[in-house]
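Peer 1: Have a look; sequence and predicted model below, questions after that.
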Amino acid sequence: MEGVISYRPRMGKSKLESLVKNKLHYKSVNQFIDHAVTKTLQEEFGHNPLAKKIADLVYKVVSEHSELKFVRPTSEESAEIEEIVHKTTAKRKMIPAEALLKKTKRKF
């Protein structure tokens, strides 16, 4: 045990103890506070174990059952892609990736 952090509940110590021990499944207020802190930190940092497990299972199933094949586009598809690129670049000013990296000062 590294140290003690004092905590003063807004509702009062006796009311909190009563709720935690009588209404919830915790043996002590400390157990309840530890669980609440752990759960909140996991939510804040996005580390929900159940969500991660589900995402991993979905990823595994998709990667096993769907074959990805990269093919060259046909001449009609190439023309269509080029047309879309020209329309997009005409509407917006494109910034090269190198310029963006210089702005953020990151090196990859």
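Peer 2: Structure received.
Peer 1: going forward, measure contacts and count neighbours with C-alpha atoms only.
Peer 2: Will do.
Peer 1: pLDDT of the helix or strand harbouring residue 51, averaged?
Peer 2: Using DSSP states H and E, residue 51 falls within helix 49-65. Helix 49-65 carries an average pLDDT of 79.
Peer 1: starting at the chain centroid, how far to it?
Peer 2: 14 Å (Cα atoms, centre = their mean, to the nearest Å).
Peer 1: now swap in stretch 24-38 and tell me
Peer 2: 25 Å.
Peer 1: CA atoms only for it, dumped as PDB, please.
Peer 2: The C-alpha coordinates for stretch 24-38 follow below in PDB (Å, rounded to 0.1, in the frame of the first residue of the first chain):
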ATOM      1  CA  LEU A  24     -24.800  -2.700  -3.700                       C
ATOM      2  CA  HIS A  25     -22.700  -5.900  -3.800                       C
ATOM      3  CA  TYR A  26     -19.500  -4.300  -2.200                       C
ATOM      4  CA  LYS A  27     -18.100  -5.400   1.100                       C
ATOM      5  CA  SER A  28     -16.600  -2.000   1.900                       C
ATOM      6  CA  VAL A  29     -16.600   1.600   0.700                       C
ATOM      7  CA  ASN A  30     -12.900   1.200  -0.300                       C
ATOM      8  CA  GLN A  31     -13.800  -1.700  -2.600                       C
ATOM      9  CA  PHE A  32     -16.600   0.500  -4.100                       C
ATOM     10  CA  ILE A  33     -14.300   3.500  -4.600                       C
ATOM     11  CA  ASP A  34     -11.600   1.300  -6.200                       C
ATOM     12  CA  HIS A  35     -14.100  -0.200  -8.600                       C
ATOM     13  CA  ALA A  36     -15.500   3.200  -9.500                       C
ATOM     14  CA  VAL A  37     -12.000   4.700 -10.100                       C
ATOM     15  CA  THR A  38     -10.900   1.800 -12.200                       C
END
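Peer 1: Alright, that wraps it up for me.
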